[in-house]
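**Q** I need the structure of the sequence given here:
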Amino acid sequence: MVYGSIEAGGTKFVCAIGDGDFNIKERVSFPTTTPEETMKLVIEFFKKYQNELESIGIGSFGPIDIHRDSPTYGYITSTPKLAWQNYDFVGTLKEVFDVPMAWTTDVNAACYGEYIAGAGQGFSSVVYYTVGTGIGGGALQDGVFVEGFSHPEMGHMLVRNHPDDSFEGNCPFHKTCLEGMAAGPAIEKRAGKKGQELAEDDPNWDIEAYYLAQCAYNTTLMLSPDKIILGGGVMKQKQLLGKVYKAFDELMNGYVKTPKLEEYIVTPELGDNAGTIGCLALARDSKLHS
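**A** Purely as a prediction, here's the structure:
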């Protein structure tokens, strides 16, 4: 008995097979090109395990349709990736694999992984942000995703400009939203070089921390979670968290007493495995609840 995991990212798909304890048996990666090319590789990978495959957990880039009673449930909808617009992701897999499938956003899957087996373990309310090429957020309350008419798009919350920042923003929809000001491409455009090429004491990191602190501030006042987890490639800069704590304290100005910041705003315990483990956990739980 094995479970399947699909992390469908905007740059690459990561597919994995694991057991009920989230031990990964095999993992592969494919570039995200067209549905015809990429999904062919995905299906070929899982066909090797077809006789023992119990279920598949999918965390996809979006926006996606998450409502089971919708005629386009399981679709990627209005993505900027033209080839993937209005693509029936779950339906395509269902044509080949007659197993339960869990379907959610890629950041929700990472959030679930941390909730089940990482930094969010043992807490009832967990929020996870991926800060990388883009910024996305997912929230869990008692093991259930916080959703309404659609899934959250917390990466596009509006933020105030840092006093020393004249950057006009990189988001084609909102300019100076969180993603437009703090995702990897925004750092590169502002600084003239990639984040990993900047020195640890570069003032651009103070600007970045200011926007991430606003993210944590807004999340705290809206959801009061037990834990805010900041993941993604940008958060691999070790000096960032301390700067976020300082800016967060200044923004909050004593209004809300939060848990100790070193235990409240954290990076993922599972690292780059959060999404894969989250998808495996969703696959396992979809089987339990099916």
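**Q** for the stretch 101-250 of the chain, what are the low-confidence residue spans?
**A** Of all residues in the stretch 101-250 of the chain, none has pLDDT under 70.
**Q** residues in contact with stretch 38-58: which ones?
**A** Outside stretch 38-58, the residues within contact range by CB atoms under 8 Å, 6 or more residues apart in numbering are 1-6, 8, 13, 15, 17, 28, 30-32, 89-90, 92-93, 96-97, 99-104, 109, 278-284, 286-287, 290. To be clear about C-beta, it is placed using only N, CA and C from the backbone, and glycine gets the same treatment.
**Q** buried stuff in it?
**A** Residues of stretch 38-58 classed as buried: 38-39, 42-43, 45-46, 49, 53-58 (neighbour count, 16 or more other CB atoms under 10 Å).
**Q** for stretch 93-108, same thing?
**A** Residues of stretch 93-108 classed as buried: 93, 97, 99-108 (neighbour count, 16+ other CB under 10 Å).
**Q** of those residues, which belong to strands?
**A** Those of the buried residues of stretch 93-108 mapping onto strands are 101-105, per DSSP state E.
**Q** for these, which two are the farthest from each other?
**A** Largest separation among those by CB to CB: Met101 and Thr105, giving 14.4 Å.
**Q** pretty sure Pro225 contacts Ala139?
**A** Yes - judged on CB atoms under 8 Å, Pro225 makes contact with Ala139 at a distance of 7.0 Å.
**Q** tell me, what's touching those two both at once?
**A** Joint contacts of Pro225 and Ala139 (CB under 8 Å, 6+ apart) are 125-127.
**Q** could you dump the residues you listed to a markdown table with distance to Glu263 and secondary structure?
**A** Output for the shared contacts of Pro225 and Ala139, formatted as a markdown table (distance: CB to CB, whole Å; DSSP: H, G, I helix; E, B strand; the rest coil):
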| residue | distance to Glu263 | secondary structure |
| --- | --- | --- |
| Ser125 | 14 | strand |
| Val126 | 13 | strand |
| Val127 | 14 | strand |
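**Q** export those to a markdown table and tack on distance to Leu251 and neighbour count?
**A** Shown next, in a markdown table, are those (distance: CB to CB, whole Å; neighbours: other CB atoms under 10 Å):
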| residue | distance to Leu251 | neighbour count |
| --- | --- | --- |
| Ser125 | 21 | 17 |
| Val126 | 21 | 26 |
| Val127 | 17 | 29 |
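**Q** need phi/psi at the nearest residue to Val90 once chain neighbours are set aside.
**A** Computed as CB to CB, 6 or more residues apart in numbering, the closest residue to Val90 that is not its neighbour in sequence is Gly74, at 2.8 Å. The phi and psi torsions at Gly74 (degrees, to the nearest 10) take the values phi 90, psi 0.
**Q** tell me how this protein divides into domains.
**A** Using automatic domain parsing, the domain ranges for the chain come out as 2-109+272-289, 120-268.
**Q** nearest residue to the middle of the chain?
**A** Val107 (2.0 Å; CA atoms, centre = their mean).
**Q** so who does that one touch?
**A** 59, 128-130, 136-138.
**Q** swap the cut-off to 6 Å and go again
**A** For Val107, the contacting residues are 130, 136, 138, by CB atoms under 6 Å, 6 or more residues apart in numbering.
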